[in-house]
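Q: Just need the structure, nothing else, for what follows:
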Amino acid sequence: MIEANSRRVSNSGTFAILIGLTGVGLIVGALAGIVIWMIMTGKSPLNIEVDMLKPENMNAVRIFQLVSTLFMFFVPAWITARIASNKPMDWLGFNSHVNYRQFILATLIMLASIPLVSALATLNEMIPLPATLEKNFRNLEDKYNDQVQVLSVIKGLGDYIITLLVMAILPAIFEEALFRGGMQNILTRWLKKPWPAILITSFIFSIIHLSYYGFLARFALGIILGMLYYYGGSIWINIFAHCFNNALVVTQIYVYTLKGKPVKDAMNDTLPVWWLIVGLALVAGLMWLYRKYSDQEKKKWTLREENAIAENG
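A: Numbers count the residues shown, from 1 in each chain. Here you go, the predicted model:
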């Protein structure tokens, strides 16, 4: 589907551009991050994997993370939107077609998703794997958790605010721009059906985090975010919901830190598998309401735009 304000680029071509730019962004982001790392720490990048786990390098790790994700996620989405449309920010979904009820329902949906994703994390653990493969996945998971713990060192309110910015707010903006505003948007136009686009995007969204034991949980979260974007039509709702989800984790870590508890305990969020039923029921009911109110909001904006065109015409 090509909008009136879009440039004549096929959907398949737009998707190829996005994937290519994401690959380039991965390389550019890594190189830029390494340069910043060397400037901030004065250390060689040859031992960066080990040095990143040292608390004294926490600020350098944070900047490295921000720069690399900026170039890998947001920049490719923005450039692709510039190529695909004369109004790139609108094309990505950065519009004001929202109301307060959508934000309230998005918040409730993210809260309701907690038992769902937690039960899926338990289910993920129960899936049997060959010993060698399980060992490799465990090593990746341990490295991921170690890096999260370094980024989550919170010594006070100031650190808490910085951690919210680094781990909640900016990642939400960058990731939603690429996955929902870019990838899901293109696939929906290309495939002419929302659900394949949501499922494919959610699969890639989960895979790219390189966490096998968190795959099902992130896949489900990706589907929920995909539905919020498709029904709501505004990426601001997605950014808010994604940020809220991340902020809950950061806040939990902060509370555990204040109580003198280990950070890893705050990251242990598994629930019995039967909680899947509760989570699915809650999310489905709230999503139905969200879709209802979103459809009403879309009709209002469509009517306003039609009236504005009629007046100017």
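Q: quick one: pLDDT of Ala172?
A: Reading off the confidence values, Ala172 has pLDDT 96.
Q: Not counting its neighbours along the chain, what's nearest His97?
A: Residue nearest to His97 in three dimensions, not counting chain neighbours: Trp301, with 4.7 Å by C-beta to C-beta, 6 or more residues apart in numbering. (C-beta placed from N, C-alpha, C; glycine too.)
Q: Can you list the buried residues in stretch 193-211?
A: Within stretch 193-211, the residues that count as buried by 16 or more other C-beta atoms under 10 Å are 194, 197-202, 204-206, 208, 211.
Q: which residues touch it?
A: Residues outside stretch 193-211 that contact it (C-beta atoms under 8 Å, 6 or more residues apart in numbering): 140-141, 144, 175, 179-180, 183-184, 187-188, 190-191, 214-216, 218-223, 225-227, 230.
Q: Next, the distance between the ends of stretch 164-171.
A: Terminal residues of stretch 164-171 are spaced 10 Å apart (C-alpha to C-alpha, to the nearest Å).
Q: What lies in contact with it?
A: The contact list for stretch 164-171 (C-beta under 8 Å, 6+ apart) reads 62, 65-66, 69-70, 151-152, 242-243, 246-247, 249-250.
Q: Same list, these, but as a markdown table with secondary structure please.
A: As requested, the contacts of stretch 164-171 are arranged in a markdown table below (DSSP: H, G, I helix; E, B strand; the rest coil):
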| residue | secondary structure |
| --- | --- |
| Arg62 | helix |
| Gln65 | helix |
| Leu66 | helix |
| Thr69 | helix |
| Leu70 | helix |
| Leu151 | helix |
| Ser152 | coil |
| His242 | helix |
| Cys243 | helix |
| Asn246 | helix |
| Ala247 | helix |
| Val249 | helix |
| Val250 | helix |
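Q: want to try a markdown table for these, with distance to Trp37 and pLDDT as columns?
A: Shown next, in a markdown table, are the contacts of stretch 164-171 (distance: C-beta to C-beta, whole Å; pLDDT from 0 to 100):
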| residue | distance to Trp37 | pLDDT |
| --- | --- | --- |
| Arg62 | 11 | 86 |
| Gln65 | 11 | 87 |
| Leu66 | 12 | 90 |
| Thr69 | 15 | 93 |
| Leu70 | 15 | 95 |
| Leu151 | 14 | 66 |
| Ser152 | 19 | 68 |
| His242 | 26 | 97 |
| Cys243 | 26 | 96 |
| Asn246 | 23 | 92 |
| Ala247 | 26 | 93 |
| Val249 | 25 | 87 |
| Val250 | 23 | 87 |
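Q: Could you report the neighbour count for Ile235?
A: A total of 25 residues lie near Ile235 under the criterion other C-beta atoms under 10 Å.
Q: Which other helices and strands does the helix or strand where Val28 lies contact?
A: Following DSSP states H and E, one finds Val28 within helix 11-41. Contacts defined by 3 or more C-beta pairs under 8 Å, 6 or more residues apart in numbering; DSSP states H and E place helix 11-41 against helix 48-51, helix 58-69, helix 75-84, helix 185-191.
Q: Go through that helix and flag the buried ones.
A: 11, 14-15, 17-19, 21-22, 25-26, 28-30, 32-34, 36-37, 41.
Q: Show me what the helix or strand containing the residue nearest to His97 is packed against.
A: In the assignment (DSSP H and E), Trp301 maps to helix 275-312. On a contact count with 3+ C-beta pairs under 8 Å, 6+ apart, helix 275-312 meets helix 100-126, helix 215-232.
Q: Grab the nearest non-local neighbour of Leu225.
A: Asn238 (5.5 Å).
Q: my read: the one you found touches Glu176, true?
A: Yes. Under the criterion of C-beta atoms under 8 Å, Asn238 makes contact with Glu176 at 4.5 Å.
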